[in-house]
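1. sequence first, predicted coordinates after that:
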Amino acid sequence: MTKKKSKKDFIGPVAVTPSIKKQSSIDGTRKLDDEGAGLQIDTKFGTFNLKKNKNTQSYTGDSKKYTSKYKGVSYDKEFKVGDSSRINISANVGRTKDPMDKKGTTKGGTLSFTKTFKKGGMARGGGAAIKGTKFKGVF
């Protein structure tokens, strides 16, 4: 008799990380307010990110505020290739709205390959030993 897999086994462990961002800076006569929120969901299928951001600029002596908004979703997944290599895939899509109320979309992706070398890169032997100890390193 075979054992049925539950939904928990199919989905696997899930980590959820909410975040909130609020930052304000002043550069000369310009004040910049940046605020947003995000949610990161890590699953065995990859990492999903949901983000929302609002950026407001104002200038000394000018009562008008210039606001940009962004909403977006991104996905990241890493695949092991052999013992010392991996491939990382990421994709994103989002919508923007600039201070003049013009709307835009963003789309993008990245494919990267990482190789870890297990030998080389270290200085070995060939140094003076400190008298009276068994140290044989380089200094």
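-> All right, it came through fine. Numbering: from 1, shown residues only.

2. least trustworthy helix or strand in this structure by mean pLDDT?
-> None of the helices or strands of the chain scores lower by mean pLDDT, DSSP states H and E than helix 7-11, at a mean of 68.

3. which neighbouring elements make contact with the following helix or strand past that helix?
-> The element immediately downstream of helix 7-11 (helix or strand, assigned by DSSP states H and E) is strand 15-27. Where contact means 3 or more C-beta pairs under 8 Å, 6 or more residues apart in numbering; DSSP states H and E, strand 15-27 is packed against strand 30-43. Glycine gets a C-beta too; all of them are placed from N, C-alpha and C.

4. now the strand it packs on - C-alpha only, CSV.
-> Listed next in CSV are the C-alpha coordinates belonging to strand 30-43 (Å, rounded to 0.1, in the frame of the first residue of the first chain):
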residue,chain,number,x,y,z
ARG,A,30,15.5,68.9,-1.8
LYS,A,31,13.7,66.7,0.7
LEU,A,32,13.3,63.0,-0.3
ASP,A,33,10.8,60.7,1.5
ASP,A,34,10.9,57.0,0.6
GLU,A,35,8.4,54.5,2.0
GLY,A,36,7.2,51.1,1.1
ALA,A,37,6.4,47.6,2.1
GLY,A,38,7.3,44.1,0.9
LEU,A,39,6.6,40.5,1.4
GLN,A,40,9.2,37.7,0.7
ILE,A,41,8.0,34.1,0.5
ASP,A,42,10.7,31.4,0.4
THR,A,43,9.5,28.0,-0.8
